[in-house]
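Student: predicted model and sequence below, questions to follow.
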Amino acid sequence: MNYPVWDIPFLGAGLVVAIIAIIHVLISHFAIGGGAFLFVAELWSNRQPDGERIRAWLHKYATFFLVYTTVFGAMTGVGIWFSIQLASPEGTSLLIHQYVFAWAIEWVMFLGELTVLYLYYYGWKTNSRRLQVWLAGLYFVIAWGSLFVINGILTFMLTPGGWTLENTDIVAGFFNPGYWPSLAIRTLVMFLVAGLGGLLIASRMEEEDALKERIVLFSSRWVLPAALLLPGLFYWYWTTLPVNTARLMAAGATGLGGGRLEVMTLFAVVTGVAGMLIVLGSLLFQARPKALTFSAALALFVVAQIGFLGGEFSREMARKPYVIYDTLYSNSVWKHKAAEPGYRDRSFLSLTRWDPDVVPLTPAHGEWAFRLQCASCHTRDGYRGIVPRTASWTALSGFKWLLTMDQQGVMPPFVGTAEDRAAISAYIQSLHGRTVSAAEILSQARAEEVSRSKSASAPTREVEP
Amino acid sequence: MNMFVLATGLWDALPLPPPDPLGYPVPVELLRALSYLTLTLHFVALHFTLGGVMLWLWLRLRRPAHADGMSAYLGSGLTLGFSYLVTLGIPPLLFVQVMYGQLFYSSSVIIGAHWILVVPLLIVAYGLFYLHKLTRERHPAPQWVYMLFALLAMLTIGFFYVNNLTLMQAPERWMSIYHLRPNGQSLNLGDPTVLPRWLALLSPAPAVAGLGLILAGTVLRRWQQEDKGLAFQSLGFRSVLVSVAATGAFGAWFVSRIPQDVLTRVVEMPLLVPVSLAGAALLLVTALLAGLASRSRSLAVPIAAIVAAAGSLATLVALRDMLRLAWLRPHFTPDDVPVHAQWAMFFLFAATLVLGLVLVVWLTAVVTGNLARRYREAHS
């Protein structure tokens, strides 16, 4: 609550992060797996009698790889950094201050992989064969090193393990429970995406070309390790999730059987289905390599993008209601602060620094309390819109719901007085086009309280025999 | 916390978030040194690329002798230059977040809608440079359009950066701007330093690209391409002169717009005079060496000019930070932030950096040696 909230209408800051991240994550996996692909393909071409033709095809792969991963991958990587600052400055500050030198090491890796990639690509005609193989291998090692580093920070956010605000042990937070399964999953997924990239470039070759068949077979094999091992690895990852997250996901799966699908589970299912489609598609092209068309290869790439979308959303939802699990809520309220006696009952606007000194119980009070406490996750009527979510609310039910919203497991605790709750509830009613004053809500609530206490203290009438 | 803040209660009066409780991971002087070093390198790559696209468009407009050769040289450097300017821009942004995070995040959110536009603008500029690289021989006609839009994207990114970095040091302006537009569709346009600072930021660009031209011209002359090499050197030198004059003029305009109280605090800083003098001297030395290099066949002279230019950019980086410290003095000073040392991580980073740089420099020498040999063979 130290920072202003970027109150971006319709999208919300969270969706801005998601859009950039979903594009980036596929490309970043391709950027690593593609390095291994180049290395292995270089070795393969050396052993083939028509190695020069394979290398001509590989040059096309490398051109696509270079432009796609640097223009879109590197820039959206920077974009994630920009967007998380806007969505959660408090959380970003914690990550930066705790892991500044891990970020810095990742940057060195990035600088290294970029330079080696340029040396590989621009030295295509002048480097010796041995040097090219060596550069491709080195590129992969450095790029995977950057994954090794960033994976620690990413998994820390969901499973911080032994790290706490009191014990800010870098190693405990970095090699957290989710670290190893996540690293294994990402490593297999990046091979899979590299293979899909190979299929995409191979699909442009002439159908009659016998080389196309061999390259399709070569590329589609890169999907197999993921197809065989990912189910087990995902189960391993699931066992490391926080109890509340695992419970919610399991409840979602049970709901699936009953015809009700939790959003988090839905996204996990989307990822699973996308994975299966990719495996089936790859097997099909293993069996009939000549059948591969550009549209089919592109469709597999798009399916992979949808799979990443599901995975990213599912993981983000798994972290609810935190941005750093068990430490910092998504709306920048610290868990330990909220647990302090009396903290949650303090006037909310006195705890923030960013309201324009609004008069209590006015519409401006409700608008600013909503903005500073709710708008980091909820828009009014767009992404995670508050209007559709509160369609059945009355002013009084909303007032009461806010007090206990944390009990459902995906919302943070409300911080603020009854006046703050009344002001927000009145503001939400105004979004539905209904005019209710916060003072009215408060007096209704008080009247209800009085009548409840009266009925509780009234003598019980004896039942006549 | 700063005694002045404690005494005046300004901390409470302004919406200034406190520094992160995790503190600094190493003493602030070390963070500053890392920031200065990487920001200087970022500026070299930035000015080379920005100046390159400016000169490319000028060549297209005026079409002097050997314009095609110079355009090809400048155009081929743009993708690499852009890539490194972004990559080298990451660590200064990282260290500014460590040192001044509570200020930087606040101003970023206040101008959030513009700040996030930096990302698509980066993609547009970089994508257009690649489009140029991959299509310039097949489709020469529309290339100037690509370059023009790439230039506009870069200029806009720079403008948003200047807005953010000036706003982060003026917390007294935050509330009024944020309350007017909490959706982030604001800029810091009420600050009279924004425009001159932006122009002063851009003005060294033709000099750095010009030095690149002089160096390439020298190499060409050594490879017996006398006329072409002289054309490169001549345009490079003229760019340096125009750029040095523009930097001086916009720099003076910028200084004249700084509030008096901030200037008073800057003048009190002990290193201000030596750093300013060194900066001015290095700027003059750059111009002189560029003049010498434009008539020379020796590689040492243009390389010395590039080193002098990098040195003068380094002094600008230091002056810029001094000014920020003076601006922030009533509200915040990094000296008051506690240090919770992470030495093991720092040394791991330092070792990785040294190893990475050695590897990269060695491999670059090997590959560029191969490329140069092939080019010479092709032209001999």
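Tutor: Sure, I can see it. Computed from a predicted model, the values in this text were never measured in an experiment.
Student: now the helix or strand where residue A:443 lies, how far from the chain's geometric center?
Tutor: Assignment of secondary structure by DSSP states H and E places residue A:443 within helix A:438-457. Distance of helix A:438-457 from its chain centroid, counting by CA atoms, centre = their mean, to the nearest Å, is 43 Å.
Student: same deal with stretch B:226-237?
Tutor: 26 Å.
Student: tell me where the chain is predicted with low confidence.
Tutor: In the absence of a named chain, this looks at chain A. Residue ranges of chain A with pLDDT under 70: A:252-261, A:458-465.
Student: oops, I was thinking of chain B
Tutor: In chain B (pLDDT under 70), the answer is B:1-13, B:379-380.
Student: now do 80
Tutor: For chain B, residues meeting the criterion pLDDT under 80 lie at B:1-13, B:375-380.
Student: tell me which residue is most central in it.
Tutor: residue B:43 (2.5 Å; CA atoms, centre = their mean).
Student: for that residue, what are its contacts?
Tutor: B:204, B:313, B:316-317 (CB atoms under 8 Å, 6 or more residues apart in numbering or on different chains). C-beta: built from backbone N, CA, C; applies to glycine.
Student: looking at the residues you listed, which is nearest chain A?
Tutor: The closest of the contacts of residue B:43 to chain A turns out to be residue B:317 (CB to the nearest CB; 18.2 Å).
Student: wait, the closest one sits on residue B:36?
Tutor: Yes. Using CB atoms under 8 Å, residue B:317 is in contact with residue B:36, at 5.1 Å.
Student: so which of the two has more stuff around it?
Tutor: Neighbours were counted for residue B:317 and for residue B:36 using other CB atoms under 10 Å in any protein chain shown; residue B:317 has more, 22 against 18.
Student: might you report the residue contacts of that one?
Tutor: So residue B:317 contacts B:36, B:39-40, B:43 (CB under 8 Å, 6+ apart).
Student: let's go with 6 Å and repeat that
Tutor: B:36, B:39-40 (CB atoms under 6 Å, 6 or more residues apart in numbering or on different chains).
Student: from the chain's centroid, how far away is the longest helix along chain A?
Tutor: Using DSSP state H, we find that the single longest helix of chain A is helix A:12-47. What separates the centre of helix A:12-47 from the centre of its chain is 16 Å, taken as CA atoms, centre = their mean.
Student: please save the CA atoms from the helix or strand that comes right after it in PDB.
Tutor: Sequence-wise, the next helix or strand downstream of helix A:12-47 (DSSP H and E) is helix A:51-67. C-alpha atoms of helix A:51-67 as PDB (Å, rounded to 0.1, in the frame of the first residue of the first chain):
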ATOM      1  CA  GLY A  51      25.300 -32.000 -45.100                       C
ATOM      2  CA  GLU A  52      25.500 -28.800 -47.100                       C
ATOM      3  CA  ARG A  53      21.800 -29.000 -48.000                       C
ATOM      4  CA  ILE A  54      20.900 -29.600 -44.400                       C
ATOM      5  CA  ARG A  55      23.000 -26.600 -43.400                       C
ATOM      6  CA  ALA A  56      21.200 -24.500 -46.000                       C
ATOM      7  CA  TRP A  57      17.900 -25.500 -44.300                       C
ATOM      8  CA  LEU A  58      19.500 -24.900 -40.900                       C
ATOM      9  CA  HIS A  59      20.400 -21.400 -41.900                       C
ATOM     10  CA  LYS A  60      16.700 -20.600 -42.500                       C
ATOM     11  CA  TYR A  61      16.000 -22.100 -39.100                       C
ATOM     12  CA  ALA A  62      18.700 -19.900 -37.600                       C
ATOM     13  CA  THR A  63      17.400 -16.700 -39.300                       C
ATOM     14  CA  PHE A  64      13.900 -17.400 -38.000                       C
ATOM     15  CA  PHE A  65      15.300 -18.200 -34.600                       C
ATOM     16  CA  LEU A  66      17.500 -15.000 -34.500                       C
ATOM     17  CA  VAL A  67      14.700 -12.600 -35.500                       C
END
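Student: and residue A:93, what does it touch?
Tutor: Here residue A:93 is in contact with B:20, B:101 (CB under 6 Å, 6+ apart).
Student: which of the helices or strands spans it?
Tutor: helix A:89-122.
Student: same check on residue B:29?
Tutor: Per DSSP H and E: helix B:28-62 holds residue B:29.
Student: what about the helices in the stretch 1-150 of chain B?
Tutor: Secondary structure of the stretch 1-150 of chain B, counting by DSSP state H, counting those that start in this stretch: helices at B:3-8, B:10-13, B:28-62, B:67-110, B:112-135, B:143-167.
Student: cool, the stretch 101-250 of chain A as well?
Tutor: Residue ranges of the helices in the stretch 101-250 of chain A, as given by DSSP H, counting those that start in this stretch, are A:129-158, A:170-174, A:179-202, A:210-220, A:224-239, A:243-257.
Student: just to revisit the earlier point, just among the contacts of residue B:43, which is most surrounded?
Tutor: Within the contacts of residue B:43, neighbour counts (other CB under 10 Å) peak at residue B:204, which reaches 28 neighbours.
Student: ok, that one to residue A:103 distance?
Tutor: 28 Å (CB to CB, to the nearest Å).
Student: what's the burial count for the closest residue in space to residue A:69 that isn't next to it in sequence?
Tutor: Nearest residue to residue A:69, sequence neighbours excluded (CB to CB, 6 or more residues apart in numbering or on different chains): residue A:31, at 4.0 Å. Residue A:31 has 30 neighbours, counted by other CB under 10 Å.
Student: my understanding was that residue A:31 contacts residue A:73; is that so?
Tutor: Yes. Between residue A:31 and residue A:73 there is a contact under CB atoms under 6 Å: 5.2 Å.
Student: which of the three states applies to residue A:323?
Tutor: strand (DSSP: H, G, I helix; E, B strand; the rest coil).
Student: what's near enough to touch the closest residue to it other than its chain neighbours?
Tutor: Sequence neighbours aside, residue A:91 is the residue nearest to residue A:323 in space, at 4.0 Å (criterion: CB to CB, 6+ apart). Residues in contact with residue A:91, defined by CB under 6 Å, 6+ apart, are A:323-324, A:328.
Student: next, the residue of the stretch 301-450 of chain A found nearest chain B: phi, psi?
Tutor: Residue of the stretch 301-450 of chain A nearest chain B, by CB to the nearest CB: residue A:353 (3.7 Å). Backbone torsions of residue A:353, given as degrees, to the nearest 10, read phi -120, psi 0.
Student: tally of neighbours for it?
Tutor: 21.
Student: how much space between it and residue A:184?
Tutor: Counting by CB to CB, the gap from residue A:353 to residue A:184 is 44 Å.
Student: what of residue B:376?
Tutor: Residue B:376 is 49 Å from residue A:184, by CB to CB.
Student: out of these two, which sits in the more crowded spot?
Tutor: More neighbours surround residue A:184 than the other of residue B:376 and residue A:184, with 17 against 13 (other CB under 10 Å).
Student: which positions in the stretch 251-400 of chain A make contact with chain B?
Tutor: Selection of the stretch 251-400 of chain A residues close to chain B by CB under 6 Å from any CB of the partner chain yields A:353-354, A:356.
Student: the longest helix of chain A versus helix A:224-239: what angle between them?
Tutor: 140 degrees (axes from the mean of the first three to the mean of the last three CA atoms, to 10 degrees).
Student: buried residues of helix A:12-47, list them for me.
Tutor: A:12-18, A:20-42, A:45 (16 or more other CB atoms under 10 Å in any protein chain shown).
Student: ditto for stretch A:118-131
Tutor: Neighbour-count burial for stretch A:118-131 flags A:118-123, A:126-127, A:131 (criterion: 16+ other CB under 10 Å).
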